[in-house]
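Novice: Predicted model, plus sequence, below.
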2 protein chains.
Amino acid sequence: MTRTNTVRGDTSPEKAPTDSWRNQQANEKVVVIGAGPAGIQAALDAADLGADVVVVEKEDGIGGKPIHEKYAALAPDIVETEEVYGPIIDRFLNHDNIDLRDGSEVTRVKGKKGDFTVTVENGDDKDEVDAGSIVLATGVKHFDPQDETQFYGYHELDDVITIVDAEEMLKDERFVRPSDGQTPETVAFVQCVGSRDRQIGNTWCSKVCCGVASKQAIEIKEQNPDTDVVILYIDMRTTGFLEDQVYWKAQEEHNVQYVKGVSTEITRKGDNVLVKGDDSTMGRPYEIEADMAVLSVGMEPSEGTKQMADVLDLPMESHGFVKTEKGPMGSVETPKEGVFVAGGATGPSNLKDSVSMGGSAAAKAVAYVNRNQ
Amino acid sequence: MTRTNTVRGDTSPEKAPTDSWRNQQANEKVVVIGAGPAGIQAALDAADLGADVVVVEKEDGIGGKPIHEKYAALAPDIVETEEVYGPIIDRFLNHDNIDLRDGSEVTRVKGKKGDFTVTVENGDDKDEVDAGSIVLATGVKHFDPQDETQFYGYHELDDVITIVDAEEMLKDERFVRPSDGQTPETVAFVQCVGSRDRQIGNTWCSKVCCGVASKQAIEIKEQNPDTDVVILYIDMRTTGFLEDQVYWKAQEEHNVQYVKGVSTEITRKGDNVLVKGDDSTMGRPYEIEADMAVLSVGMEPSEGTKQMADVLDLPMESHGFVKTEKGPMGSVETPKEGVFVAGGATGPSNLKDSVSMGGSAAAKAVAYVNRNQ
């Protein structure tokens, strides 16, 4: 990895190709915006194809949500994040063709159709990168449960947390009740917080939360087998191999309970929390008392996705994510020639989706650069 | 497209590069096995990256399930198959770097690590292709509902069809009851046929059937607004934008009914069919009389996937699909160097998944060939 802030006209001799195959490739740069799972994969695949890749990441350090939000283990395999992601990050950081600019932002993109000038700012430093193609991989943000729209008490009650908070506690192997640091006797997961909800304006399903909650339930039971865990869900959307590897496993090996219903409110009850809801199929309300509630918060377009779509003048689809071309037969092409998109910027995506789209965008970004040489 | 049966040492002068960018690329071939959505995308992206691509497809003609099984419109956009897939197929058929061998099968693969010899047989013709890398894209087959394991009467009752049969009828704009050719007054969809079912050995969720059934329900109502449609489901797994674009739309704009329950048996009742099941949440049985039942059959590894995994000596994951590396952080790499996999061969996949994986596999297959030049 090279870490230089002067890029315009960068023909650093240390980047001269040493292998014959790299010599055969284009010299125009591919700019990848965002260094989460999709961006890292896009950069690696483009770099492996011989392209010079500049990666712009606004955070200090790379890895995206699995690193910054300290994901413990990843479904459906329930394998440690570092075990599968660590070697990928290492290869990214050591790739000769990848020039990482972290702590930096893209503030302007001029030009079109394979002749872009990308302005990258890092504090007072401002550089311009000539790019043949651009991959947008700016991801999602998690829904923030505010009481203006929902009555789940996230910002008011200590013992109401989100799956993001839970992930970090599980990684530290210290899943406890925040108010007193004790191991909880009962934990209730509330699904679809910030998803499938017309009132708050998020009408989509966030796709991963059913699998994440079930995975976390298994991890809670592995760490504290005496804790009772209940998952309050509308539909259990553990598609593909998540079905038996996570959902069935949670029930059969760990006695996790699943109750179908829409939770409407969480209040305090003595030292505990009380989750109230409507069992739509039974046609009656329920109240579940628990030591802790975990809110399965959904995904929204990140601020970075909105900003970069604006900078790149990209149209959004109806939910506010970046619009892609070719309907169900496409996934990474935008209406703007030479600009590709991957991962959560396109809509709710799991890790496999993100790395597939990252690789696919890399193929198209490099082919686009080659075609325009 | 070139159509020659002599490939070994093929240096056809008509394939000499005319553009500078193509001249920069590797000469080793990429072999793609399967010409469905994943294989077509893999071939196109690899060819656009300058690789010479040989595509082997056992059927006559290309396109995979959306073409051979006559898919009408594709979810979530509900756009005509030809509208989005047609131009992709045309570009594939006219690409100078793609050599299609349809009606052919790969019968043997010798060598390893970027030095493969692939035997392609077409009737009595046998050719050997030297390949630098291989992409397996052999897809899925639909579950065949046999009465040995389930009692849905598919092979016994005329008016029990599958979503595959329904797709062709909808494409022809003639959705009628098979027994008498009349427009049905009531249609009942039965979900999870051949999925989420330990008894038949398919423990996975097939991922797409909830969206497909809801899409078909909308199309039935568009063609015959007076037909009543009910969907009998375990969980409604319309993830991402399928939630509002298909599931909500079916209910709100077309009055499609959804009933949560596990259907156990379909019998004849007079001229109609009777769907019996257990409403798991209500704790009581149900019986629904309908003019027709549509079985939402799931996905299994195709025969081609099993055969090619055997020919390539690839390990399978626990459900019988091709095993991929890197857990949730990977999607297309197999344990065998230089061999990549995309689409339904890896597990239940929708079209977006398949084209993303196709592109991602192309990037890695071409980089692998370049690296070994």
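Specialist: Yep, it's here.

Novice: Now do the contacts for A:Val275.
Specialist: Residues near A:Val275 by C-beta atoms under 8 Å, 6 or more residues apart in numbering or on different chains: A:Ala188, A:Val190, A:Leu232, A:Ser263, A:Glu265, A:Ile266, A:Glu287, A:Ile288, A:Glu289, A:Ala290, A:Ala293. Using the backbone N, CA and C atoms, a C-beta is placed for each residue, glycine as well.

Novice: nope, A:Asp279 is what I was after
Specialist: Shown in contact with A:Asp279 (C-beta under 8 Å, 6+ apart): A:Val259, A:Lys260, A:Gly261, A:Pro285, A:Tyr286, B:Thr281.

Novice: could you say which helix or strand contains the first one?
Specialist: Per DSSP states H and E: A:Val259 is located in strand A:257-260.

Novice: mind exporting that strand as PDB, just the C-alpha atoms?
Specialist: This file holds the C-alpha atoms of strand A:257-260, laid out as PDB (Å, rounded to 0.1, in the frame of the first residue of the first chain):
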ATOM      1  CA  GLN A 257     -38.400 -19.000  21.800                       C
ATOM      2  CA  TYR A 258     -40.100 -17.300  18.900                       C
ATOM      3  CA  VAL A 259     -43.400 -15.400  19.200                       C
ATOM      4  CA  LYS A 260     -45.100 -13.900  16.100                       C
END
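
Novice: Touching that strand from outside, list them.
Specialist: A:228-236, A:251, A:279-281, A:286, A:288, B:260, B:281.

Novice: Next step: the residues you listed restricted to helices.
Specialist: A:Gln251 (DSSP state H).

Novice: Would you mind checking the contacts of strand A:257-260 for buried ones?
Specialist: A:228-236, A:281, A:288, B:260, B:281 (16 or more other C-beta atoms under 10 Å in any protein chain shown).

Novice: Same list, these, but as JSON lines with distance to B:Thr203 and pLDDT please.
Specialist: Listed next are the buried ones among the contacts of strand A:257-260 as JSON lines, based on distance: C-beta to C-beta, whole Å; pLDDT from 0 to 100:
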{"residue": "A:Asp228", "distance to B:Thr203": "26", "pLDDT": "98"}
{"residue": "A:Val229", "distance to B:Thr203": "22", "pLDDT": "98"}
{"residue": "A:Val230", "distance to B:Thr203": "23", "pLDDT": "97"}
{"residue": "A:Ile231", "distance to B:Thr203": "20", "pLDDT": "97"}
{"residue": "A:Leu232", "distance to B:Thr203": "24", "pLDDT": "96"}
{"residue": "A:Tyr233", "distance to B:Thr203": "20", "pLDDT": "96"}
{"residue": "A:Ile234", "distance to B:Thr203": "23", "pLDDT": "95"}
{"residue": "A:Asp235", "distance to B:Thr203": "18", "pLDDT": "96"}
{"residue": "A:Met236", "distance to B:Thr203": "15", "pLDDT": "97"}
{"residue": "A:Thr281", "distance to B:Thr203": "24", "pLDDT": "61"}
{"residue": "A:Ile288", "distance to B:Thr203": "29", "pLDDT": "95"}
{"residue": "B:Lys260", "distance to B:Thr203": "20", "pLDDT": "89"}
{"residue": "B:Thr281", "distance to B:Thr203": "22", "pLDDT": "61"}
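
Novice: Widest-spaced pair of these?
Specialist: Comparing all pairs in the buried ones among the contacts of strand A:257-260 by C-beta to C-beta, the longest separation belongs to A:Asp228 and B:Lys260, at 24.7 Å.

Novice: Could you measure from A:Met169 over to B:Gly298?
Specialist: 37 Å (C-beta to C-beta, to the nearest Å).

Novice: Make sure A:Asp90 is indeed in a helix.
Specialist: Yes: A:Asp90: assigned to a helix according to DSSP: H, G, I helix; E, B strand; the rest coil.
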